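> Sharing a model that was predicted from the sequence below.
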Amino acid sequence: MENSYLHAEITEKILKAFYTVYNTLGYGFLEKVYENAMMLELQEMGFSCKQQQHIDVFYKTNKVGDYFADIIVEDKIIVELKAAEGIVEEHEYQLINYLKATEMEIGLLLNFGKKPQFRRKIFTNDRKRWNTDEADTTDNRR
């Protein structure tokens, strides 16, 4: 079965690593334990990964905050990890905001809860505010 969505091959391998870590460690550890295990598993698969990657957040042209993404894979996919009862809307928006603040378009939310859960989020660069020209925001009414 061929998947045609953006970074499908990488995403599928990340999910394989997620289930391997989940099946090995099970439920109940802190997020940091799962993060470290995911880094090991992903690196064993040959991926280039960054842990706790700093992301600046801007409002207009002013820096207004910082995020730290749990794992960045191949400079293409943000992986956000949770060890919660379940995925909630706030978790999903956190990942979407990471995508908004970067040039990356794909994010995976992985929850090491009582049952393993994941969500795949996409936020294309053509929809990001920082990617629009200021000229596009002018009022062209006649």
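That came in fine, so what should we check first?
> Show me the strands in this protein, by range?
Ranges of strands in the chain, per DSSP state E, are 49-59, 62-73, 77-82, 106-112, 116-122.
> Could you dump those into JSON lines and include mean neighbour count, distance to residue 19 and mean pLDDT?
Using the backbone N, CA and C atoms, a C-beta is placed for each residue, glycine as well. Shown next, in JSON lines, are the strands of the chain (neighbours: other Cβ atoms under 10 Å; distance: least, Cβ to Cβ, whole Å; pLDDT from 0 to 100):
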{"stretch": "strand 49-59", "mean neighbour count": "14", "distance to residue 19": "17", "mean pLDDT": "92"}
{"stretch": "strand 62-73", "mean neighbour count": "16", "distance to residue 19": "16", "mean pLDDT": "94"}
{"stretch": "strand 77-82", "mean neighbour count": "24", "distance to residue 19": "14", "mean pLDDT": "97"}
{"stretch": "strand 106-112", "mean neighbour count": "24", "distance to residue 19": "10", "mean pLDDT": "97"}
{"stretch": "strand 116-122", "mean neighbour count": "16", "distance to residue 19": "6", "mean pLDDT": "95"}
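> Ok, which of those strands comes nearest residue 22?
If you check each of these against residue 22 by Cβ to Cβ, strand 116-122 wins as the nearest, at 4.5 Å.
> Report the beta-bridge partner residues of the closest residue to residue 22 other than its chain neighbours.
Among residues not flanking residue 22 along the chain, residue 116 sits closest, at 4.5 Å (Cβ to Cβ, 6 or more residues apart in numbering). Applying DSSP bridges to residue 116 gives these bridge partners: residue 112.
> which residues does residue 116 contact?
Listed by Cβ atoms under 8 Å, 6 or more residues apart in numbering, the contact set of residue 116 reads 18, 19, 22, 110.
> of all those residues, which two lie farthest apart?
19 and 110, at 9.5 Å, using Cβ to Cβ across these.
> between the contacts of residue 116, which has the most around it?
Counting neighbours by other Cβ atoms under 10 Å, residue 110 leads the contacts of residue 116 with 28 neighbours.
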